[in-house]
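Participant: Predicted model and sequence below, questions to follow.
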Amino acid sequence: MSTEYTQNRNNLEAWKFAYHIYLRLLALFFIILTIQVWMKAIGISGVDQQGFDTLPTHWRFAIAALCIIHPVTVLGLWGLFAWGIAVWLLAVLVQLAMHVVFVSMYEPDQLLVIFHLTCFILFVIFQIALRIAANRK
């Protein structure tokens with residue numbers, strides 16, 4: 001084996017390791033989001049402390065969907081499954097729709113939007129770097 005081949009292979013392995021750490025950190029963040037959504041669902045979160053049954057219909061629908069999507073996202077990302085990324089993207093799209101598109105129905109959450117967009121940009125950077133490293137191998 002040439003030293004260039006070994007160096008390129010080590011580079012690819014380093015990118016894969018960093019990518020796996022990134023996905024697992026993202027899964028940990030989604031555990032926090034899951035707890036927050038479940039707290040809203042049982043009525044112990046928020047300023048008004050409303051129960052699920054007293055929330056408007058659009059909030060009940062969103063909370064029910066996120067109560068399912070978030071734990072599945074955690075499992076998929078932590079397990080490094082390909083479908084985990086797809087579910088993560090779905091969760092991000094749902095939350096971006098809530099807090100950017102339908103901002104009149106849901107409260108704006110700029111910090112969450114910025115976080116999701118930053119994570120998506122990092123995801124794209126990782127994908128590009130992994131493809132370049134794999135092509136050099």
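Facilitator: Thanks, I have the structure now.
Participant: Could you list every helix and strand in contact with the lengthiest helix in the chain?
Facilitator: When the chain is parsed with DSSP state H, its longest helix is helix 3-42. Applying 3 or more CB pairs under 8 Å, 6 or more residues apart in numbering; DSSP states H and E, we find helix 3-42 packed against helix 57-78, helix 82-96, helix 110-136. The way it works is simple: take the backbone N, C-alpha and C, and place the C-beta from them, glycine included.
Participant: The helix or strand bottoming out on mean pLDDT in the chain vs helix 57-78, what angle?
Facilitator: Scoring the helices and strands of the chain by mean pLDDT, DSSP states H and E places helix 3-42 at the bottom, with a mean of 87. Computed by axes from the mean of the first three to the mean of the last three CA atoms, to 10 degrees, the angle separating helix 3-42 from helix 57-78 equals 150 degrees.
Participant: Without its sequence neighbours, what residue ends up closest to the spatially most central residue of the chain?
Facilitator: Nearest to the mean C-alpha position of the chain, by CA atoms, centre = their mean, lies residue 88 at 4.5 Å. What sits nearest to residue 88 in space, not counting adjacent residues and going by CB to CB, 6 or more residues apart in numbering, is residue 73, at 5.0 Å.
Participant: From residue 125, how far out is residue 62?
Facilitator: 30 Å (CB to CB, to the nearest Å).
Participant: Thanks a lot, catch you later.
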